[in-house]
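J.: What shape does this take:
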Amino acid sequence: MKTILKKRYGQHFLRDTGVLDRILALIRPAPNDLMLEVGAGDGALATRLAPRVLRLIALEIDDDLVPALREVLACCPNAVVVAGDVLSADLSAIISPYLSPAARMRIVGNLPYNIGTAIIEKLLSQSFSIVDMTFMLQLETVERIAAAPQSKEYGFFSVYCQHRCEIKRGFRVSPACFVPRPKVHSAMITLRPRGGALDPDLESDFLMLTKAAFAYRRKKLVNSLRRDRHLGKTADDILRQAGMDGARRAEDVTVEEYEHLARIFREYKATPK
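T.: Below you'll find the predicted structure:
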């Protein structure tokens, strides 16, 4: 069956078997893994994963690919193909029939370059526990996620991902490994969500503060925070209480410092004025 590529889905199919083997070695699938593959495509990775895991859920947005995907996975009774868009799908409903106390929820995928960050943000907002997520992304996106403070790549998405996950960069992948060839290089990355329950109010303050800081990244931190409608004149007080120099820029502030600032802001709001 000939695959008809659809530009709107950002489809680039991995054809290099050596790279597929390296991805498998990076993931290290185990018999107790409940594996969700986002964008399973024509099954190049799914057919390698399914025999090694407890259950593989292959999620694919392209309806024209679904029949062929079901066909190639027909030999794997533990594989299920789901037609749907990861950004609009009810992921909890999709995986809940297969969850068990012994299963490790893991996610993999070759994510479309144009919506990779949106997919990661949605996955990190899910209520179910995820052991890790291993993705192939545009190299530029991987560099943003893993960026260190005081680098040009360091921004809100860097801070958000590093706050929520342990990050491990993987290997690079050449455009020549895909059909059709993308115009950019790709790279692997693994995000391992940090354990423990999250305080939703504190998380909300953290996101608000971080977004406010990077909204005007070339300005002094205090001026950026002052411009935010939620912070306004409190910016000077919370920076002083946090022991932070407001003359610094957003890209100079570490993830740990943003976390500390969010805690200070929450305490500040709770203190009678």
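J.: now the strands for this protein?
T.: 13-14, 33-38, 55-60, 79-83, 104-110, 132-138, 165-173, 178-179, 186-193 (DSSP state E).
J.: of these, which approaches residue 235 most closely?
T.: Proximity to residue 235, assessed across the strands of the chain by C-beta to C-beta, is greatest for strand 165-173 (28.0 Å). Using the backbone N, CA and C atoms, a C-beta is placed for each residue, glycine as well.
J.: now the closest one: mean pLDDT?
T.: Across strand 165-173, pLDDT averages out at 98.
J.: Give me the contact list for that strand.
T.: The contact list for strand 165-173 (C-beta atoms under 8 Å, 6 or more residues apart in numbering) reads 14, 16, 19, 22, 26, 124, 133-134, 136, 139, 142, 145-146, 161, 185-194.
J.: re earlier: which of the strands of the chain has the lowest average pLDDT?
T.: Of all the strands of the chain, mean pLDDT reaches its minimum on strand 13-14 (a mean of 86).
J.: what does that one rub up against?
T.: So strand 13-14 is contacted by 3, 5, 20, 41-42, 44-45, 110, 136, 173, 177-179 (C-beta under 8 Å, 6+ apart).
J.: need the contact list for the residue nearest in space to the middle of the chain.
T.: A centroid search over the chain (C-alpha atoms, centre = their mean) returns residue 120, at 2.7 Å, as the residue closest to the centre. Residues near residue 120 by C-beta under 8 Å, 6+ apart: 111, 133, 135, 145, 161, 191.
J.: can I get the strands of the chain in JSON lines with mean neighbour count and distance to residue 225?
T.: As requested, the strands of the chain are exported to JSON lines (neighbours: other C-beta atoms under 10 Å; distance: least, C-beta to C-beta, whole Å):
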{"stretch": "strand 13-14", "mean neighbour count": "17", "distance to residue 225": "43"}
{"stretch": "strand 33-38", "mean neighbour count": "24", "distance to residue 225": "35"}
{"stretch": "strand 55-60", "mean neighbour count": "25", "distance to residue 225": "39"}
{"stretch": "strand 79-83", "mean neighbour count": "20", "distance to residue 225": "43"}
{"stretch": "strand 104-110", "mean neighbour count": "23", "distance to residue 225": "34"}
{"stretch": "strand 132-138", "mean neighbour count": "23", "distance to residue 225": "30"}
{"stretch": "strand 165-173", "mean neighbour count": "15", "distance to residue 225": "25"}
{"stretch": "strand 178-179", "mean neighbour count": "16", "distance to residue 225": "43"}
{"stretch": "strand 186-193", "mean neighbour count": "21", "distance to residue 225": "28"}
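J.: Distance to residue 207 added to those strands, as a markdown table?
T.: Below are the strands of the chain laid out as a markdown table (distance: least, C-beta to C-beta, whole Å):
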| stretch | distance to residue 207 |
| --- | --- |
| strand 13-14 | 33 |
| strand 33-38 | 23 |
| strand 55-60 | 26 |
| strand 79-83 | 30 |
| strand 104-110 | 22 |
| strand 132-138 | 19 |
| strand 165-173 | 15 |
| strand 178-179 | 34 |
| strand 186-193 | 16 |
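J.: For residue 34, state which of the contacts of strand 13-14 is nearest.
T.: For the contacts of strand 13-14, the nearest to residue 34 is residue 45 (16.0 Å; C-beta to C-beta).
J.: Could you report the neighbour count for the closest one?
T.: Residue 45 is flanked by 25 other residues according to other C-beta atoms under 10 Å.
J.: now residue 127
T.: Neighbours around residue 127, by other C-beta under 10 Å: 6.
J.: Now it: closest residue in space that isn't a chain neighbour?
T.: The shortest distance from residue 127 to any residue other than its chain neighbours is 6.6 Å, reached at residue 92 (C-beta to C-beta, 6 or more residues apart in numbering).
J.: can you pull the contacts of residue 135?
T.: By C-beta under 8 Å, 6+ apart, the contact list for residue 135 reads 38, 108, 109, 110, 111, 116, 120, 188, 189, 190, 191.
J.: Got the domain ranges for the chain?
T.: What automatic domain parsing lists as the domains of the chain is 9-193, 200-270.
J.: Just to check, the residue nearest to residue 127 is in contact with residue 125?
T.: No. Using C-beta atoms under 8 Å, residue 92 is not in contact with residue 125, being 11.1 Å away.
J.: which intervals of the chain have sub-threshold pLDDT?
T.: Where the chain drops to pLDDT under 70, the residues are 1-11, 273.
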